[in-house]
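Participant: Got a sequence here, can you build the structure:
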Amino acid sequence: MAISVHEKINRALYGIVNAIYTQKKRRRRPLGDILLQENIISLDQLQQALKLQLGSNLKLGQIIVSQGYAKEEAVLNAIKKDYGISVDSKNMDELFKPQSGALWRKITGLRIPIRIKLSVAIIFIIWLTILILSFVILARQKEQLYAQTVKLGKTSLNYFTNDARMPLLDDDIVSLNTVIKEAATVEGLLYAVIIDTEQIIKAHTDHTKIGTPMQAFDTNRKQTKEGDITFFTDTLPDGKNVLNLSRQVTLHNKNIGVVHVGISIDFIQDQIRKESIFILLMSVLIVILGVVIATILGFYFSRPLSQLVLATKEIGKGNFQYKTKVARKDEFGDLAEAFNYMSQELWKKLLMQKSFGRYVSPEVLDLILSNPEESWLKGTRSNATVLFTDVRGFTSYSETREPEAVIEALNEYFSIITRHILEYGGYVDKFVGDAVMGVFCLPIAQNDHAERAVRAAVAMQKELQQSAGSENELLTKIGIGINSGVLVSGNLGSDIKMEYTVVGDSVNIASRVLALAGPGKIIISSPTFELTQHLVSVLPLPPQMVKGKSEPIGVFEVLGVKE
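Facilitator: Next up, the predicted model:
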């Protein structure tokens, strides 16, 4: 076969390279030179393989074989001929690591997070500026302004104390209020009060309060004492923030009254707010500069972003099995893994909603995914416990309130009930108006299903009663009924709408027991009590006739759970 001039030149060049390698202590030649010299691959194929190797962990030999440029046997024979050693497919990957540009490959092979690439221009400058200005400059300025306010308050307090001794001793109301009136014009002073030992106001900047008892301050506030002066910050009913300073008025070491002074400290917050706005504007300018730099660097990441956009469109179409392939050693690689994880979880949730409804435990979801066509979804008979909750007087409650308020109150109530049912291993079967139906022991078997239901009910009522002072009146009107027994569970419905639910006499009895539970009460049936009598404290109730039963059923009111 005739050899072109181009090939002759290439072979001559590689001959020179081989001579140089031989002179340099017979260093191992790159694999690409060996395969090219043996006519196993062409120069174009070598160049394509080297391009594919950039940014990946694959070895050159792996790429050449995987791309079909050469057979593995031919590569091994070339290695054996040139190096004089025997290798096989198991140790070939370790033998032929990239030789040319080793330092550059080590650098590019390192995991360089995006935050390192961008933080030099953006995050470091922004955070450094914000930290310095916010935590140092603003903090010091606030402390200085506060110290000046305390100093002003002490000066005013000393003035009042010195001038109030004799008028307070003589019970001279006019003189005391004259002292207060002279200080009322001081800028920043919100109030000044002089009281006697009986806590009666003798002088006040508000004349209407003279002669009335002094209201006690909040003693839980953190107070600072310097000498005989005590001060703390407070908030007035009109929303103003004030620094309250107080000092006893003494004469010959005898306490004859107390002076209180209130200095406004709102100006401190105003000043800090102005400085914060300035810092914000500076930060915006820095962010704009960083955005420009980030935009330039963003072109480098356009390819993986395009792949993620394509993957997002596939997810939007409902193709939750779509996987994105971004082989990067930075946050884009992490994002690709997270994206694939998200699509997998979306697929699980979609299947969960179609197969079982919204409220299921992780164990139930795993059971559905592993056996979606299992017979337990088609109808089974089991022993379980059913829990019903209902709002007493809901009709009258809803008639006197706006629909939006009713929905908001119901959602808060549903949230509490649902959380406790799931916490104790049950699942929410359905919401019926203002009633909630929870089931324990299905579809996952539980030997202590009755105990779980009772514990869940006690926990519900405990949290509901703790909310007695809230605006939601529904939370104190919840009754709970529980019954245990045999019931039938499975998927009920049609091809258009289907749900997993339970039916049977035990469910009906649980509903009838609920009707006996007043607000804040938990009523259980005899079967449930027999399974939990070692656990609960109860008050036996008279047997009750319920609809659908010819004989009365035993019921008990749960008073608590034994720890």
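Participant: does residue 190 count as helix, strand or coil?
Facilitator: strand (DSSP: H, G, I helix; E, B strand; the rest coil).
Participant: sec struct for the residue nearest to it when sequence neighbours are not counted, please.
Facilitator: Nearest residue to residue 190 in three dimensions, chain neighbours excluded: residue 262, at 4.3 Å (CB to CB, 6 or more residues apart in numbering). For every residue, glycine as well, the C-beta is placed using N, CA and C. On the three-state scheme (three-state DSSP), residue 262 is labelled strand.
Participant: For residue 262, give me its contacts.
Facilitator: Residue 262 sits next to 189, 190, 191, 192, 234, 236, 242, 243, 244, 245 when contact means CB atoms under 8 Å, 6 or more residues apart in numbering.
Participant: cool, and residue 456?
Facilitator: Counted by CB under 8 Å, 6+ apart, residue 456 has contacts 387, 420, 421, 423, 424, 426, 438, 440.
Participant: what about burial for the residues you listed, which qualify?
Facilitator: 387, 420, 421, 424, 426, 438, 440 (16 or more other CB atoms under 10 Å).
Participant: helix or strand for the third one, which one?
Facilitator: By that I understand residue 421. Using DSSP states H and E, residue 421 sits in helix 403-423.
Participant: Would you mind pulling the contact partners of that helix?
Facilitator: 359, 361, 387, 389, 391, 397-398, 401, 427-428, 431, 434, 436, 438, 456-457, 459-460, 463-464, 472-475, 478.
Participant: Out of these, list just those in strands.
Facilitator: In this view, these that belong to strands under DSSP state E are 387, 389, 391, 427, 428, 431, 436, 438, 478.
Participant: who does the fifth one bridge with?
Facilitator: Same thing as residue 428. Beta bridges link residue 428 to residue 438, judged by DSSP bridges.
Participant: That one and residue 440 touch, don't they?
Facilitator: No - using CB atoms under 8 Å, residue 428 is not in contact with residue 440, being 11.2 Å away.
Participant: So which elements touch the helix or strand encompassing residue 271?
Facilitator: Using DSSP H and E, residue 271 sits within helix 266-298. Judged by 3 or more CB pairs under 8 Å, 6 or more residues apart in numbering; DSSP states H and E, the packing partners of helix 266-298 are helix 114-119, helix 123-132, helix 139-169.
Participant: Now do that helix: distance to the chain's middle.
Facilitator: For helix 266-298, the separation from the chain centroid amounts to 27 Å (computed by CA atoms, centre = their mean, to the nearest Å).
Participant: Next, the angle from it to helix 139-169.
Facilitator: 170 degrees (axes from the mean of the first three to the mean of the last three CA atoms, to 10 degrees).
Participant: What residues of the helix or strand just after helix 266-298 count as buried?
Facilitator: Remark: after helix 266-298, the chain's next helix or strand is helix 302-316, criterion DSSP H and E. By neighbour count on 16+ other CB under 10 Å, the buried set for helix 302-316 is 304, 307, 308, 311, 314, 315.
Participant: So what's the residue count around the residue lying closest to the fourth one once chain neighbours are set aside?
Facilitator: Same thing as residue 311. Distances taken as CB to CB, 6+ apart put residue 324 closest to residue 311, at 4.0 Å, once the chain neighbours are dropped. Residue 324: 19 surrounding residues under other CB atoms under 10 Å.
Participant: Where does pLDDT dip in the stretch 451-563 of the chain?
Facilitator: 468-469, 495 (pLDDT under 70).
Participant: so where do the helices sit in it?
Facilitator: 505-514, 526-532 (DSSP state H, counting those that start in this stretch).
Participant: from the middle of its chain, how far away would the first one be?
Facilitator: A distance of 39 Å separates the C-alpha centroid of helix 505-514 from that of its chain, computed with CA atoms, centre = their mean.
Participant: Make 859 the starting number, not 1.
Facilitator: All right, first residue 859 from here; so that's helix 1363-1372.
Participant: Check which residues of it are buried.
Facilitator: For helix 1363-1372, by 16+ other CB under 10 Å, it's 1364, 1365, 1366, 1367, 1368, 1369, 1370, 1371, 1372.
Participant: Over to stretch 1312-1328?
Facilitator: 1312, 1313, 1314, 1315, 1316, 1317, 1318, 1319, 1322, 1325.
Participant: do the same with stretch 926-944
Facilitator: For stretch 926-944, by 16+ other CB under 10 Å, it's 927, 928, 932, 933, 934, 936, 937, 940.
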